[in-house]
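Trainee: My questions concern the predicted model and sequence given below.
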Amino acid sequence: MFILPKKVTIIEVGPRDGLQNEKRQVDTGDKLAFIDRLQQAGIDEMELTSFVSPKWVPQMSDAKEIVAQTNQVGRQFVLAPNEKGSQLALEAGAKSIAVFVGVSDSFNQKNINRPTKDAVLALEPVIKNLKLQNIFVRACISTAFYCPYEGKINSKDVQSLCGDFVSMGVDELSVADTIGRANPLECYELFMLLKETFSDVLLTAHFHDTRKMALANIFASLQAGINRFDTSAGGLGGCPFAPGATGNVATEDVVHMLDTLGIQTGVDIKKVCEAVDLIAPHVSRPIDSGMYRLYKNGQL
């Protein structure tokens, strides 16, 4: 008989992962209103923005303003892909920084123009410098299950990459099904392996809902002992470097499922839907999460 956790932490990634691939530029004020409403919904951990080159991700060009004007309650992450990005994040006042690398060499070549081994080596001095400054560091592990170029990923390779980051002193591992191809058994087995190997590090699961398997994968991960999940209000998002990757699993749908299981999140679904209402006119893709549809129909 499995035992589900009594409480789960939701890490909202909509403001960063959800908006980064939007071709239509979202006004800084609208982003801030979105973030504020999500905080009002009870979300204490959130990815706000990323310090990346505006040439490659123009949507994140206002990162400094976002950090400066966001109410710093709980843990607010910013993404920084390299030393320059981390320095800009620190100068902006960020206290929690996320770095990222894929398990797959092909994915990393497409994303950051270097193979996995080189990407990890480049991040080591960055992470060590951040830890010397008492910064909370999250390592985002992309393509942990499948790669759009290489297919299925060996779980031992995921374990090895996670081990590299743990040895550098990261505080958290966010392990992602980047293209939304994983199934519940694969999720259960990988997260059981990682829980057994890295018992002293926060483990977070990150699912995309490409094949509508995300909720099932979250349930399987709960059974493996995972109690932290990245989600995106309205199901916004998608990786620009992973062909076929659709949006993240919707925050409101995940919270609803956890509520029905008697698992506490501290998140108000209706207020999350109000946040989605604020951002919906500014994004190109229609919002089609189940709970948001109920909200719009007056049934929530």
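Mentor: The structure has been received and is ready for your questions.
Trainee: S104 - nearest residue in space that isn't next to it in sequence?
Mentor: Taking Cβ to Cβ, 6 or more residues apart in numbering, and ignoring the residues beside it in sequence, S104 has C147 as its nearest neighbour in space, at 3.7 Å. C-beta: built from backbone N, CA, C; applies to glycine.
Trainee: by contact count, what packs against the helix or strand hosting L123?
Mentor: For L123, the host element (DSSP states H and E) is helix 116-132. Helices and strands touching helix 116-132, by 3 or more Cβ pairs under 8 Å, 6 or more residues apart in numbering; DSSP states H and E, are helix 83-92, strand 96-102, helix 105-112, strand 136-142, helix 155-168.
Trainee: Out of those, the one nearest L19 is which?
Mentor: strand 96-102 (15.4 Å; Cβ to Cβ).
Trainee: partner strands of that closest one, parallel or antiparallel?
Mentor: Counting by DSSP bridges, the strands paired with strand 96-102 are strand 75-79 (parallel), strand 136-142 (parallel).
Trainee: Need the contact partners of it.
Mentor: For strand 96-102, the surrounding residues in contact (Cβ atoms under 8 Å, 6 or more residues apart in numbering) are 47, 75-81, 86, 89-90, 108, 111-112, 116, 119-120, 123, 126-127, 130, 135-143, 147, 161, 170, 174, 178.
Trainee: quick revisit: quick one: buried residues of the helix holding L123?
Mentor: 116, 119-120, 122-123, 126-127, 130 (16 or more other Cβ atoms under 10 Å).
Trainee: Tabulate those residues in JSON lines, adding columns for pLDDT and distance to N21.
Mentor: Shown next, in JSON lines, are the buried residues of helix 116-132 (pLDDT from 0 to 100; distance: Cβ to Cβ, whole Å):
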{"residue": "T116", "pLDDT": "95", "distance to N21": "23"}
{"residue": "A119", "pLDDT": "94", "distance to N21": "21"}
{"residue": "V120", "pLDDT": "96", "distance to N21": "25"}
{"residue": "A122", "pLDDT": "95", "distance to N21": "24"}
{"residue": "L123", "pLDDT": "97", "distance to N21": "23"}
{"residue": "V126", "pLDDT": "97", "distance to N21": "24"}
{"residue": "I127", "pLDDT": "98", "distance to N21": "26"}
{"residue": "L130", "pLDDT": "98", "distance to N21": "26"}
